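*Asks:* sequence first, predicted model second:
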Amino acid sequence: MKSLLSFSRLIDAFSTGMGKLGMWLILLTTVISAANAISRKAFDLSSNAFLEIQWYLFAAVFLLGGGYAFLRNAHVRIDFLSGKVSARTRNWIDILGIVVFIVPLCYMMIVMGWPVFERAYISGEMSSNAGGLIRWPVFLLIPVGFAVLLLQSLSELIKRVAFLTGQGPDVLAHTGPNEAEELAKEIAEAEKAKAQQATSASHS
C-alpha cells in the first residue's frame with residue numbers, strides 16, 4: 001500500500017499541475033478575448049481564429065482540469081446524503097462510483113475520442129469558418145482530458161482503500177465549511193436579521 005500511496009501522490013502532484021495550468025489558460029483566454037474586443041471595436045479588425053482559440057482554451061480548462069476538480073473534491077456531490085452516513089459508508093460509495101461509473105466512462109471516451117483525433121490529424125481537418133484553426137488539437141483534448149481524469153480516479157481509489165484499511169486519512173472528511181455552506185449561512189443570517197427588524201418595526 002505504501003508504494004500505491006506514493007503513486008497516488010505523484011498523480012495528485014500531476015493533477016495539481018494541470019489545475020495551475022488551467023488557471024493560466026483562463027488568464028490567457030481573458031487577455032485574448034479583451035484584445036479581440038478592442039481590435040474589433042477600435043480598429044474594426046476581427047478574426048475567426050481569435051474566437052476559436054478562446055473556445056479551444058476554454059475546452060482545455062474544463063477537460064484538463066477535471067482531475068484537479070476531483071482531487072480538490074470540487075465536483076458535484078449529493079452532500080445531503082453523504083453527510084448523513086458514516087465515513088466508511090461514504091468512502092464505499094465513492095469506490096462504487098469510481099469503479100462503476102467514472103473508470104468505464106473515461107475508458108469509453110478515450111477509446112472513442114482517439115480515432116476522432118487521428119482522423120483529424122491525418123486529414124489536416126480545418127475549421128469550416130473562414131480563417132479558422134486546425135481541428136486536431138481540440139480533438140486531442142478529449143482523450144487526454146479523460147486520461148487525466150482516469151489517473152486521478154485511480155489516485156482517489158487508492159486513497160479510499162487506504163482509509164478503509166486504516167492506512168490513510170479520510171480525504172472526504174470536512175475540515176470546515178465550504179464556500180457554498182458559508183454562503184448559505186450568510187443568507188440565513190441576513191434573513192434572520194430582516195425578520196427581527198420586521199418584528200421590531202411591527203411592535204413599535
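*Replies:* Perfect, I can see it now. Note that this is a predicted model, so its numbers are computed, not measured.
*Asks:* now do the helices in the chain.
*Replies:* Across the chain, reading from the start of the chain, the helices by DSSP state H fall at 2-43, 48-64, 66-71, 79-82, 87-97, 103-123, 136-164, 179-203.
*Asks:* kindly compare burial across the ones you listed and name the winner.
*Replies:* Scoring the helices of the chain by mean neighbour count under mean count of other C-beta atoms under 10 Å gives helix 66-71 as the most buried, with a mean of 22. C-beta: built from backbone N, CA, C; applies to glycine.
*Asks:* got the phi and psi for the nearest residue to Ser39 once chain neighbours are set aside?
*Replies:* Using C-beta to C-beta, 6 or more residues apart in numbering and skipping the chain neighbours, the partner closest in space to Ser39 is Leu45 (4.6 Å). When read as degrees, to the nearest 10, the backbone of Leu45 gives phi -120, psi 130.
*Asks:* Leu45 touches Ala37, doesn't it?
*Replies:* No: using C-beta atoms under 8 Å, Leu45 and Ala37 do not qualify as a contacting pair, with a distance of 11.1 Å.
*Asks:* tally of neighbours for the residue nearest to Ser39?
*Replies:* Burial of Leu45, expressed as a neighbour count using other C-beta atoms under 10 Å, amounts to 11.
*Asks:* how near is it to Asn36?
*Replies:* For Leu45, the distance to Asn36 (C-beta to C-beta, to the nearest Å) stands at 9 Å.
*Asks:* list the residues that contact Cys149.
*Replies:* Heads up, residue 149 is Leu, not Cys. Residues near Leu149 by C-beta atoms under 8 Å, 6 or more residues apart in numbering: 66-67, 70, 102, 106.
*Asks:* by mean pLDDT, point me to the weakest helix or strand of the protein.
*Replies:* Ranked by mean pLDDT, DSSP states H and E, the helix or strand of the chain with the weakest confidence is helix 79-82, at a mean of 58.
*Asks:* am I right that Leu164 is in contact with Arg88?
*Replies:* Yes: with contact taken as C-beta under 8 Å, Leu164 and Arg88 are classed as touching, separated by 6.4 Å.
*Asks:* between the contacts of Leu149, which is closest to Ser3?
*Replies:* Using C-beta to C-beta, Gly67 comes nearest to Ser3 of the contacts of Leu149, at 20.8 Å.
*Asks:* looking at the helices of the chain, which is closest to Ala173?
*Replies:* Taking C-beta to C-beta as the criterion, helix 87-97 is the member of the helices of the chain that comes nearest to Ala173, at 6.6 Å.
*Asks:* what's the closest one packed up against?
*Replies:* helix 136-164 (3 or more C-beta pairs under 8 Å, 6 or more residues apart in numbering; DSSP states H and E).
*Asks:* pLDDT on the helix it packs on, on average?
*Replies:* Helix 136-164 shows an average pLDDT of 92 in the prediction.
*Asks:* now stretch 53-64
*Replies:* The pLDDT scores in stretch 53-64 average 91.
*Asks:* show me the shaky parts of the protein.
*Replies:* 75-83, 174-185, 201-204 (pLDDT under 70).
*Asks:* repeat that for 50
*Replies:* Along the chain, the model assigns pLDDT under 50 to residues 175-176.
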